[in-house]
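# A structural model of the following input is requested.
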Amino acid sequence: KNKMVKTNKKTILAIVLTLIVAILMPIVVITLPKEDSTVVQAATLTDSQLEQRRANPGLYQTDSMSFVQVDGVDLTWDVIVADYLDSQQPYNILCKNTMPAGDLVCGERDVWTLVSAFAYRQLTSVDLTNVNIDGHFNNMLQAFYYCTSLKSVIFGPNFDTQYVTNFNSAFEHCTSLTSIDLSNFTITEATTMERMFAGCTNLKEIKFGNNLNPIKLTNIKSLFADTPITSVDLSVFASAPLKDITNLFGDCSNLTSVDLSPLNLKNVTSINSLFFDCTSLTDVNLSNANFDSLVYANNAFKGCKNLNSITFNGNFNTNNLTEMTYIFSNCTNLTTLDLSGFNISNVTNVSGLIENCSSLTTIKFGDNFNASLTKINNIFNSTSMSSVPVKNIVLGTNFLASSETSMNSIFKYLNNLETVDFNGFDTPNITL
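Numbering: from 1, shown residues only. From the prediction side, this is the model:
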């Protein structure tokens, strides 16, 4: 009898201990779709483990994932679906998060960043409608970088981007993406959006909202490069203190028209390759573009083979310009080029300025062009100029420096040249 009492006491004690353990220790049950799946206890991940996960993505499908508490906060995750490193088949990803704080990928407790979160993953759609982002969220660098199967990304009203500073390459090379709606985005703290959509070769529609508010945005280099957009409304960037618009529309072969007038360009230093190989672009009007700080203009219009006209005016300030090589090279449809507002006194190299402009017949320089003979020689005295049918050249009063003494052979490759207007400038030391 005593033995039975002792046995019963032990049994009861074991049951009580089991119940205590069950109450105090949360059980995390995760169902993974693969035979070699492993259980992920996200609530116990250390910072170093989280960094490892981010550096080596390979998670994680969870049909059901529950925590009792993390840092004293009750948490419940509904569904988080991501991919596997060894998965070759694209499939949908649905992210729903009802937690007051949580991460979309690794079970991290706070969403501070989406840096490379989905990069290189074979996803077809991402739904972030119900994801709550807290005020610490500040980086989307390469968030969906090279997601080549991605066709849809949905951001909900709770996806708060107002503190994000970096959007560089966020969607770069998402080659299956055809449209994206960012109308809920506010980017008050953003400073850079370089290559955000670059290489999205099927992206035809990008929707920004009226509350974008890019008041700190300085860099939009290659923002739309190599996309099939035909036109874009830049008025949403009107408040941005831009400095670099290099290659903004580079390789946008379907771009037919663009209006830069809404942009604040007075602090922009580079327009290198701004419209590089925009082969469908027919007209560019920069008459309302204010370039007070422009330094670099290399290849700005190079390869725009259907460009009929470029309009500049006094606001196109070239006083600080130092480089403009190949700026109009391969503009094979351009017939007239009026550079009468240009001052190239600080330009060190103008090589290839009008190289292969095979329809160009008239070029006009203004009174303040301030070009040395060496620079003019670099423009015209090249064998490549034999394919440029320039007939008329109008020179300005300050075309040559007074110390120059010879213009010998400077136009020798212009086989179609008929008139050169020297009227208006004093050439006492020049011999022809």
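
# ok, so what distance separates the closest residue in space to Asn377 that isn't next to it in sequence from Ile154?
Nearest residue to Asn377 in three dimensions, chain neighbours excluded: Ile410, at 5.7 Å (CB to CB, 6 or more residues apart in numbering). For every residue, glycine as well, the C-beta is placed using N, CA and C. Note on Ile410: its distance to Ile154, by CB to CB, to the nearest Å, is 61 Å.

# Go ahead and confirm the residue nearest to Asn377 touches Asn381.
Yes: using CB atoms under 8 Å, Ile410 is in contact with Asn381, at 5.5 Å.

# Am I right that Leu334 is in contact with Asn356?
No: using CB under 8 Å as the test, Leu334 is too far from Asn356 to be in contact (10.5 Å).

# These two: who's more crowded?
Applying other CB atoms under 10 Å to Leu334 and Asn356 shows that Leu334 carries more neighbours, namely 23 against 19.

# Quick one: residues contacting the more buried one.
By CB atoms under 8 Å, 6 or more residues apart in numbering, the contact set of Leu334 is 307-310, 328, 357, 359-360.

# Between the residues you listed, which sits nearest Lys207?
Nearest to Lys207, judged by CB to CB, of the contacts of Leu334 is Leu307 at 28.1 Å.

# Quick one: neighbours of the closest one, just the number.
Neighbour count of Leu307, defined by other CB under 10 Å: 23.

# mind listing the helices in the stretch 251-400 of the chain by residue range?
Counting by DSSP state H, counting those that start in this stretch, the stretch 251-400 of the chain has helices at residues 373-380.

# mind showing which ranges of it have poor pLDDT?
314-315, 371-373, 396-400 (pLDDT under 70).

# The stretch 101-250 of the chain now?
Short version for the stretch 101-250 of the chain, where the test is pLDDT under 70: 101-113, 127, 129-136.

# Counting neighbours, what do you get for Asn254?
14.

# isn't it right next to Asp277, touching?
No: between Asn254 and Asp277 there is no contact under CB under 8 Å: 11.4 Å.

# if we can go back for a sec, and of the contacts of Leu334, the nearest to Val295?
Val295 has its nearest neighbour among the contacts of Leu334 in Phe328, at 18.1 Å by CB to CB.

# who are the neighbours in contact with the closest one?
Neighbouring residues of Phe328 by CB under 8 Å, 6+ apart: 301-302, 310, 334, 337, 353-354, 357.

# what's the farthest-apart pair in the residues you listed?
By the measure CB to CB, Lys302 and Leu337 form the most distant pair in the contacts of Phe328, at 13.8 Å.

# who has more neighbours, these two?
Between Lys302 and Leu337, counting by other CB under 10 Å, Lys302 is the more crowded of the two (25 against 21).

# quick one, what contacts that one?
Lys302 touches 273, 276-277, 326-331, counting by CB under 8 Å, 6+ apart.

# ok, now how distant is the nearest residue to Asn299 once chain neighbours are set aside from Asn247?
Setting aside the residues directly before and after it, Asn299 is nearest to Ser273 in space (CB to CB, 6+ apart), at 4.6 Å. Going from Ser273 to Asn247 by CB to CB gives 4 Å.

# do Phe224 as well
9 Å.
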